[in-house]
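> Okay, predicted coordinates and the sequence, questions at the end:
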Amino acid sequence: MVYIAIVFLPLLGAIVAGLFGRWVGDRGAQILTTSLIGVSAMLSVPVFIKIALGGGTAVVPLMHWISSGTFDVSWALKIDTLTAVMLIVVNWVSFMVHVYSIGYMHHDTSIARFQSYLSLFTFFMLMLVTSDNLVQLFFGWEGVGLASYLLIGFWYEKPSANAAAIKAFVVNRVGDFGFALGIFGVYYLFDSVQFDVIFAAGPEKADAVVTFFGTDWHALTIISLLLFVGAMGKSAQLGLHTWLPDAMEGPTPVSALIHAATMVTAGVFMVARMSPLFEYSETALTVVTIVGASTAIFAATVGCVQNDIKRIIAYSTCSQLGYMFFAIGVSAYEAAIFHLMTHAFFKALLFLGAGSVIHAMSDEQDIRRMGGIWRHIKWTYALMLVGSVALAGIPPFAGFYSKHMILEAAYASQGAAGTYAFWMGTLAAFLTAFYSTRLLVLTFHGKPRANEHVMAHVHESPMVMIGPLVVLAVGAVLAGLVAKGWFIGDFREAFWGDAIVVLAGHDTIEAAHHLPGWVGMLGTTVAVAGIGTGVLLYVFAPGVPGLLASLFGPIYRFFLNKWYFDELYGMLFVKPAFALGRGLWKSGDGAVIDGIGPDGVASASRDIARRLGRMQTGYLYHYAFAMLIGVASFVTWFIIRMG
Amino acid sequence: MEMPNLSLALPELLLVLGAMALLMLGAFRKDDATRTVSLLSVALLGFVALMVWGLGGERATTFGGMFVIDGFARFAKVLILAASALAITMSVGWLEREKLSRFEYPLLMLFATLGMMMMVSANDFIALYVGLELQSLSLYVLAAYQRDSVKATEAGLKYFVLGALASGMLLYGASLIYGFAGTTGFTQLSQVFHAAHGQPHAGVIIGVVFVLAGLAFKVGAVPFHMWTPDVYEGSPTPVTAFFSAAPKIAALALLTRVMLGPFGELFAQWQQIVILISIASMVLGAFAAINQTNIKRLMAYSSIGNVGYALIGVAAGSEEGVRGLLIYLAIYLFMTVGTFAVILSMRQKGRLLEGIDDLAGLSRSQPMMALALAIFMFSLAGIPPLAGFFGKFYIFLAAVNGGLFTLAVLGVLTSVVSAYYYLRIVKVMYFDDPVESFDRPVSRALGLIMAGSAAVVVLLTIVPAPLVAGAQEAAKSLFPTG
């Protein structure tokens, strides 16, 4: 009953706020949705204690859904440790974002709609993490995609917001296509989409092959790679990442909830959930490692040169998701989920803090036009500082434990991919610390670069916005320290139970505890070095960054333009798609369908009408002639017919 | 010689005597008697209609078998009498306004009506011809009634010359048939052809073709339709209104009786021609009207198309087909009379207008009139739930049950095309910017006819049973059991 309440209370809030928003009013919608999420968040704590700490798995069947031949799907909630962790993360971050939105969306005209979408998103996300089969998971997966689309395009009067919403939807379609094929593959191989059945049958299908294009392929590799394509789309991995920075067009609380803490981590969750399959495919794990590591370094380089405060954090998110994936690639699923959790806290904190800055700066988002405001908004400054330090991985903040575990696991995995991931991750850690520092210095320190009008208005956000930040900051400070024992430490086997499967030779987390000392030190060292470089360049020698940018012009522009991914895709896919659409529209639909169909029939009718009109000459003898011809032809016809 | 049973022809006799009496009245009255004569004519027609109804639908013949009354004749006669009465009513105001008040006008209509009744009851080619010519001669004069108008005289002349040609064809065909069958009586002809077991002499077939051509001219079916647009446009509008209703009903009833009665055994032969004529009429009526700008000309093409639909009922050659035809004619009568009542109200500064564009913005200047015309147009286009839809529905039903799928499909397709020009009128009235509004008020008689016709068109949807049952009974009389 508790489980059902946790999942469906947000839906109730979404329905009431969405359909009866006019009736309950803005304030009513805010209170209702927020308190329902609050109840869900409170309830998920005992669930976490019971399931994750107490050990065990709960399955709550709801109702029958599809039954066709051997294909059988039911609605059911499955709660194990993995789910319990996600419930805590999703519900608490969502709860904080709901509270924060009351202050942030204060001036908006569609508050009820906004709250309704937020709650709807939360419901779909909970559906996703509590699913006990792939089809229900896909339902939640598509649901969060829908909510994300609605929220990115929340300010639908802005053309850029609509474009970003469509981009997010379309890019995710590419991933979802792979995901759907993966689900088909699972059903083909296992004759079921039920997690229990699939996972139980995993070992015996480890060497199964499918014949495709006349060649035998390792079945689990194909399935794992297809599922990973889905995860890449949702979690903005290199290649399918282009939608995430644009998604910052949505309101900032949305960026915090959906595009930092929860939805984008759905891919990580899904792959971790499917660990019993991924474990049997070395190829798939290698691909995941390389994609994750490449994303981590790619996004970090781009993040160093962006100027929009939200975009910097967005690329940072992209980069951190890369860490999670290469952790999975080296079989350190626990570390990935650990980082997922800590990241959710400090990244939501950073986003909401950025929102507070934007709020204070009269909707200014460009850090080149900020600076020198830390005195005016001390709370926000302090909280952003906590978030940034946690992100950079300075002990004892949360990010330190999870990120270092990931780097050590990568080193411990020994393979070529693992080594690549380790060095890329280390370099990315340096860049992460650097751009975090850059962001803080440019935003809060130095001389004010905004105009007097804006500066006069700089003010601290209200308590309703600062409060959630404080809660998240507590998480960002303590989550790592408190939870590391369960997630990656000595109690991890009891903690995870059956939720994650790691093959005997793959236990990199165990191996990570027996590494040479310099590996553990390296992460912290580069983080400190990154911060030091940032301070040096932006506090003591503010002229140097501009000099470097002009000195290394091509590289700078390459990073600034996000490695030209958007341009490349525009040329490869978008333009041809538009050309194809235009061609089909103009020549296919317009010329052929309309031409032969409606337009053609209409103009033919007019033509016939004109010809018939011309026959009506007005001359008597023409009329008489027509009559005689008529009779004559009838008679002729009869004579011919009768022979 | 034995005295014929006059009681069966009592309505016709009464109409003759009444018309004669009114002629005397008009001739001897010093002042203008048009209004009085018109009103009395309408009353007379009403009385005659009651008598026709009272005579019942039992089949009986008199005048040596040349004159027949049955349910079919009764139904058609009532429709004709109603149409004539409505036409006279609509004319009175027009005559007075155009300063053409002459008492001969209603009398000509009475005589034409008498001719039509004779046609419907004809049971012999001689009787048929006499009735037809009585009707036609009256119509020729009516067409050219506005004799100072070049257009009207042209229309009358054209109608007369072509009508004479058509009558010639009809007579030629009748004489061929007489030559091969040895009789002009419908009952006897039927027996002769029955004896021939559907294998008639080629001369008979040619005779049938000629008779059909003559009758097709009278109903205005393609390719014998060419007179229709010119005469409709040229004749005075109330005369056009008369042309579009009563003579069409009479000629179609006559054609049905001739084809299904004496030539019933030759069904296989003439069916093909009727199908061809029907298709040609539907197609021409649908397409040629698209470019018209004159609403009377548009109604002419509309009538051609509607005759095409009605002929489907004949082509089906079944009781169901005739039933459909009669229902169609009854509904058509009200749609067309109502439409012409609107056209007669299109008056600006005393002048009658005929352009479709003159209707622009009518919905704002005269909403009730626009509503009435919109109802007629939707009904003519065959859009449910108005009566026009059911008219077409029963016809197509008969065609499908008779296996004439081509006709049914073409009928539906052409009604789609024709919907364009009907709906264009609605569009002009409701969505175009208003031009100068029409004179007000609309005369009371016209207003009543508009409202009444619209009410009938709408009400027939709700209570179609009396009409369908009446048509069913009338159709049955053409197909004597056994």
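Arrived safely.

> For B:Gly168, grab the count of nearby residues.
Counted with other Cβ atoms under 10 Å in any protein chain shown, residues neighbouring B:Gly168 total 12. For every residue, glycine as well, the C-beta is placed using N, CA and C.

> doesn't it fall inside a helix?
Yes: B:Gly168 sits within a helix when classified using DSSP: H, G, I helix; E, B strand; the rest coil.

> Relative to chain A, how far out is it?
Between B:Gly168 and chain A the distance is 10 Å, computed by Cβ to the nearest Cβ, to the nearest Å.

> Spatially nearest residue to that residue, not counting backbone neighbours?
B:Gly214 (8.0 Å; Cβ to Cβ, 6 or more residues apart in numbering or on different chains).

> how many neighbours does that neighbour have?
Every residue meeting other Cβ under 10 Å relative to B:Gly214 is counted, giving 27.

> same thing with B:Met259?
Quick note: B:Met259 (other Cβ under 10 Å) scores 25 neighbours.

> you'd agree A:Met627 is up against B:His225?
No: if you go by Cβ atoms under 8 Å, A:Met627 and B:His225 don't touch, sitting 9.2 Å apart.

> Which helix or strand contains the residue of the stretch 401-550 of chain A found nearest chain B?
Nearest residue of the stretch 401-550 of chain A to chain B: A:His453, at 51.5 Å (Cβ to the nearest Cβ). A:His453 is part of helix A:452-457 when elements are defined by DSSP states H and E.

> What lies in contact with that helix?
A:360-362, A:364, A:373, A:448 (Cβ atoms under 8 Å, 6 or more residues apart in numbering or on different chains).

> ok so, going back, A:Met627 and B:His225: who's more crowded?
More crowded of A:Met627 and B:His225, by other Cβ under 10 Å: B:His225, with 29 against 23.

> which residues touch that one?
Contact analysis of B:His225 by Cβ under 8 Å, 6+ apart lists B:281, B:284, B:304.

> which residues of the stretch 401-550 of chain A fall in helices?
A:416-444, A:452-457, A:463-487, A:492-496, A:508-512, A:517-535, A:543-551 (DSSP state H, counting those that start in this stretch).

> what mean pLDDT does the fourth one have?
Average pLDDT, helix A:492-496: 85.

> on contacts alone, who are the packing partners of it?
Contact partners of helix A:492-496 among helices and strands, from 3 or more Cβ pairs under 8 Å, 6 or more residues apart in numbering or on different chains; DSSP states H and E: helix A:81-104, helix A:463-487.

> highest average neighbour count across these?
Counting by mean count of other Cβ atoms under 10 Å in any protein chain shown, helix A:81-104 has the highest mean neighbour count of the helices and strands packed on helix A:492-496, with a mean of 26.

> Of the contacts of B:His225, which belong to helices?
Judged by DSSP state H, the contacts of B:His225 include B:281, B:284, B:304 as members of helices.

> who's in contact with the residue lying closest to the second one once chain neighbours are set aside?
Right, B:Leu284. Spatial nearest neighbour of B:Leu284, chain neighbours left out: B:Val222 (4.9 Å); criterion: Cβ to Cβ, 6+ apart. Applying Cβ under 8 Å, 6+ apart to B:Val222 gives the contacts B:277, B:280-281, B:283-284, B:304, B:308.

> For the helix or strand harbouring A:Val287, which residues meet the burial criterion?
Taking DSSP H and E as the definition, A:Val287 sits inside helix A:282-303. Residues A:284-303 are the ones in helix A:282-303 that count as buried (16 or more other Cβ atoms under 10 Å in any protein chain shown).

> The residues you listed also near chain B: which ones?
Near chain B, judged by Cβ under 8 Å from any Cβ of the partner chain, there are no entries from the buried residues of helix A:282-303.

> Relative to A:Val16, tell me which of the helices and strands packed on helix A:492-496 wins on proximity.
helix A:81-104 (14.1 Å; Cβ to Cβ).

> what packs against that closest one?
With contacts taken as 3+ Cβ pairs under 8 Å, 6+ apart, helix A:81-104 sits against helix A:2-19, helix A:21-47, helix A:111-130, helix A:252-256, helix A:266-273, helix A:333-360, helix A:463-487, helix A:492-496.

> hmm, who's touching the last one?
Same thing as helix A:492-496. So helix A:492-496 is in contact with A:52-53, A:55, A:81-82, A:334, A:485-487, A:509, going by Cβ under 8 Å, 6+ apart.

> which stretches of chain B have low pLDDT?
Counting by pLDDT under 70, chain B has low-confidence residues at B:1, B:198, B:481-482.

> Please apply the same query to chain A.
In chain A the weaker segments, taking pLDDT under 70 as the threshold, are A:643.

> how about the residues of it near chain B?
Of all the residues in chain A, those lying near chain B are A:605-606, A:608-610, A:612-613, A:616, A:618, A:620, A:622-624, A:626-627, A:629-631, A:634-635, A:637-639, A:642, going by Cβ under 8 Å from any Cβ.

> Next step: these restricted to helices.
A:605-606, A:608-610, A:612-613, A:620, A:622-624, A:626-627, A:629-631, A:634-635, A:637-639, A:642.

> Give me the PyMOL select line for these, limited to the buried ones.
Only the buried entries of these go into this PyMOL selection, using 16+ other Cβ under 10 Å:
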select buried, chain A and resi 605+608+609+612+613+620+623+624+626+627+630+631+634+635+638
